[in-house]
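Colleague: take a look and give me a structure for this.
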Amino acid sequence: MTDFFDREGDGKYDKAYKETTPDILKAFGDFNNAVFAEDGREIPLKYRELIAYAVGLTTQCAYCIDAHSNAAVKAGASETELAETAWTASAIRAGGAFAHGRLGFKLTGAHDH
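Modeller: Numbers count the residues shown, from 1 in each chain. The predicted model follows:
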């Protein structure tokens with residue numbers, strides 16, 4: 001995926017969204033702007049950006065990692081906070097694999113042997 005990531009040039013591919021579904025694109029932009037509004041939210045912007053960074057890490061979205069790590073730093077996050085966020089995301093991702101591994105035993109009946 002990251003081989004295709006081009007921070008400078010990828011915006012030109014928004015053309016299809018703009019031409020075919022401009023209403024949905026606007027609604028998504030408005031929604032995203034509301035979620036990441038600087039003011040008027042209970043969770044401070046820095047923490048919302050760190051949450052988004054963690055989600056980007058777990059979904060392995062290069063665009064989210066780029067956007068939200070930079071936005072978190074702009075909102076005041078330190079390098080240590082980025083590192084702890086990455087470790088937290090790692091723990092959740094590993095925990096998910098562990099828990100779903102148990103599901104594999106359940107679905108195969110392996111636990112009955």
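Colleague: and the lengthiest helix in the chain, how far from the chain's centre?
Modeller: The single longest helix within the chain, with elements called by DSSP state H, is helix 79-108. Here the centre of helix 79-108 is set off from its chain's centre by 15 Å, with Cα atoms, centre = their mean, to the nearest Å.
Colleague: give me the buried stretch members for it, please.
Modeller: Buried residues in helix 79-108, defined by neighbour count with 16 or more other Cβ atoms under 10 Å: Glu81, Leu82, Thr85, Ala86, Thr88, Ala89. Every residue, glycine included, has its C-beta placed from N, CA and C.
Colleague: for the third one, which residues are in contact?
Modeller: Yep, that's Thr85 we're talking about. Leu50, Tyr53, Ala54, Leu57, Ala72, Ala77 (Cβ atoms under 8 Å, 6 or more residues apart in numbering).
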